[in-house]
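Asker: predicted coordinates and the sequence they were generated for:
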Amino acid sequence: MVKDLREQACWLALVFESGLTTRIVNDILVIWCKQLNRTLQDFFAASTQEWEVTCQLNAKVIEKLKQAKEKLVAQAFVIEQLEHAHIHLMTVLDPEYPQSLKSALGRSRIPPVLFFMGDRDILKRQTIAIIGSRNAGDDSLEFTRAVAGYLAEHDINVISGHARGVDRAAYEGAVSTDGCTTVVLPEGIRKLSKVQMRDLQPRIEAGKVLLLSQFHPDAPWLVSRAMERNGVVTALAQVIIVAESDTKGGTWEGANGALKQGRRLYIRKSESLDVFSGNDLLLEKGGHPLNWPVNDLADILFPLVQESTVIQTKQSMDFTPPSQLSLLALQAE
C-alpha cells in the first residue's frame with residue numbers, strides 16, 4: 001500500500017481530478033508505473049512533451065492532466081485529512097489490491113483506487129454477496145437477514161452495497177452475529193452521515209466491518225455511481241445471492257453483470273415472488289434456485305458455502321505473483 005502522502009495526493013489528482021476515463025488512467029499506470037517503474041510524483045514532475053512521447057497522450061488528455069496537476073496541493077490536504085480520520089488508500093498496483101477485481105473487471109472498469117476503513121484482510125475470507133431491491137418486500141428482507149446471519153456465523157464475509165432494503169437487511173443480519181461484513185459504498189467514504197458512522201465505527205474498530213469505496217472521499221451519491229458500485233460488489237464475491245429483483249434497475253443490472261463476470265448466481269425462489277418476474281428471468285438466464293421458506297437454512301446454504309470454498313481455492317491457485325499481477329491484470333480485457 002502506498003505510504004508516501006505526496007504520492008497518494010498524486011493518485012487522487014490523476015484518478016479523480018483529471019476527468020480522464022478509467023481506461024486512460026489505467027493505461028498511464030501500466031506504462032509509467034509498471035513498465036518504467038516510476039512514481040506518479042515523477043509523472044507530474046515530467047514535461048508535457050514527456051507525457052506525450054512516453055504515454056502516447058493527445059493534446060486533450062495532456063490539457064486535462066495539466067489541470068489536475070494544479071490541484072495537487074488541495075489533494076495533499078485531503079490526504080492529510082484522510083490520514084487523521086484513519087481512512088486508507090489502496091491502489092490497483094498494490095499487492096494487497098483484491099485479485100478478484102482484477103480477474104473479473106477489464107481495464108476500463110478496474111477502480112484504480114480503493115478507499116477503506118477497517119481490516120482489509122476481511123476480503124481474504126470467503127465472500128458471498130447478497131443483492132436485492134431497495135423496495136423489497138418483508139419476505140425478501142426476512143430471507144436476507146436470515147441468510148446473512150447464517151453466512152456470517154460460518155465465517156463468510158457477507159458483502160453488500162449500502163442501500164436501503166436488501167442491502168440494509170444483509171448488513172443487519174451479518175452484524176447480529178460475531179461474523180464479518182463488507183459494506184461497499186455508492187458514494188465517497190466521507191459522505192456518510194454522523195448517524196451512520198456512529199453505527200459503523202465501533203464495528204470497524206472491532207475488526208468486524210470493512211468499509212470500502214472506489215470513489216473520491218467527497219463524491220456524492222449518483223445513480224451512475226451506484227451502478228458502478230454493483231460491479232465491484234459482485235466481482236469481490238465468489239457467490240452472489242439475489243433476494244428480490246425486478247426486470248430493470250440496479251439489482252437486475254448487477255445480477256446480469258455477475259453472470260457476465262462468470263460468478264455463481266443463486267436466486268431466491270418463492271411463491272410470494274410471482275409479481276417480481278426478475279427472479280424468474282434470472283433463473284432462466286442461468287441462476288440457481290434457493291427455495292424459501294425452509295425449515296433449516298443449512299439445507300440450502302451449506303452446499304453454497306462448500307461451493308464458495310471450492311471457488312476461493314481455485315482463485316488462490318490461479319493467483320499470479322504480485323510482481324507480475326498488476327501489469328497482466330490491467331492488460332486483460
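Answerer: Arrived safely.
Asker: only C-alpha atoms from now on, for both contacts and neighbour counts.
Answerer: OK.
Asker: distance of A206 from T181?
Answerer: From A206 across to T181, the span is 12 Å (Cα to Cα, to the nearest Å).
Asker: ok, these two, which is more surrounded?
Answerer: T181 (33 against 11; other Cα atoms under 10 Å).
Asker: quick check: phi and psi on the closest residue to that one other than its chain neighbours?
Answerer: Spatially, and ignoring its direct neighbours in sequence, T181 is nearest to V158 (4.6 Å; Cα to Cα, 6 or more residues apart in numbering). Reported as degrees, to the nearest 10, the phi and psi values for V158 are phi -90, psi 120.
Asker: contact partners of stretch 211-229?
Answerer: Stretch 211-229 has contacts (Cα atoms under 8 Å, 6 or more residues apart in numbering) with 12, 16, 111, 113-118, 161, 182-191, 204, 250, 253-254.
Asker: pull out the buried residues from the lengthiest helix in the chain.
Answerer: Ranked by number of residues, the top helix in the chain under DSSP state H is helix 298-317. Across helix 298-317, burial judged by 16 or more other Cα atoms under 10 Å covers I300, L304, V305, S308, T309, I311, Q312.
Asker: now these in JSON lines, with pLDDT?
Answerer: Formatted as JSON lines, those follow (pLDDT from 0 to 100):
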{"residue": "I300", "pLDDT": "95"}
{"residue": "L304", "pLDDT": "94"}
{"residue": "V305", "pLDDT": "94"}
{"residue": "S308", "pLDDT": "93"}
{"residue": "T309", "pLDDT": "92"}
{"residue": "I311", "pLDDT": "91"}
{"residue": "Q312", "pLDDT": "90"}
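Asker: what's the farthest-apart pair in these?
Answerer: I300 and Q312 (19.3 Å; Cα to Cα).
Asker: which secondary structure element contains the residue of the chain most remote from its centre?
Answerer: When each C-alpha in the chain is compared with the mean C-alpha position (Cα atoms, centre = their mean), Q49 comes out farthest, at 35.5 Å. Per DSSP states H and E: Q49 is located in helix 48-55.
Asker: may I see the buried residues of the next helix or strand after that helix?
Answerer: Where DSSP H and E defines the elements, the next helix or strand beyond helix 48-55 is helix 59-69. Going by neighbour count (16+ other Cα under 10 Å), the buried part of helix 59-69 is V61, I62, L65, A68, K69.
Asker: so what's the nearest residue to the third one once chain neighbours are set aside up against?
Answerer: The spatially closest residue to L65, leaving aside those adjacent along the chain, is S18, at 5.4 Å (Cα to Cα, 6+ apart). Contacts for S18 were tallied using Cα under 8 Å, 6+ apart; they are K64, L65, Q67, A68.
Asker: Q8: which of those is nearest?
Answerer: Closest to Q8, out of all of these and judged by Cα to Cα, is A68, at 13.7 Å.
Asker: right, and the closest one touches W11 too?
Answerer: No - counting by Cα atoms under 8 Å, W11 is not a contact partner of A68; they are 10.4 Å apart.
Asker: got the CA positions of whichever strand or helix holds N26 in CSV?
Answerer: When elements are assigned from DSSP H and E, N26 belongs to helix 22-28. Only the C-alpha atoms of helix 22-28 are listed here, as CSV (Å, rounded to 0.1, in the frame of the first residue of the first chain):
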residue,chain,number,x,y,z
THR,A,22,-10.7,4.8,-16.1
ARG,A,23,-9.2,3.2,-19.2
ILE,A,24,-6.9,6.1,-19.9
VAL,A,25,-5.8,6.3,-16.3
ASN,A,26,-5.0,2.6,-16.2
ASP,A,27,-3.1,2.9,-19.5
ILE,A,28,-0.9,5.6,-17.9
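Asker: all good on my end, thank you.
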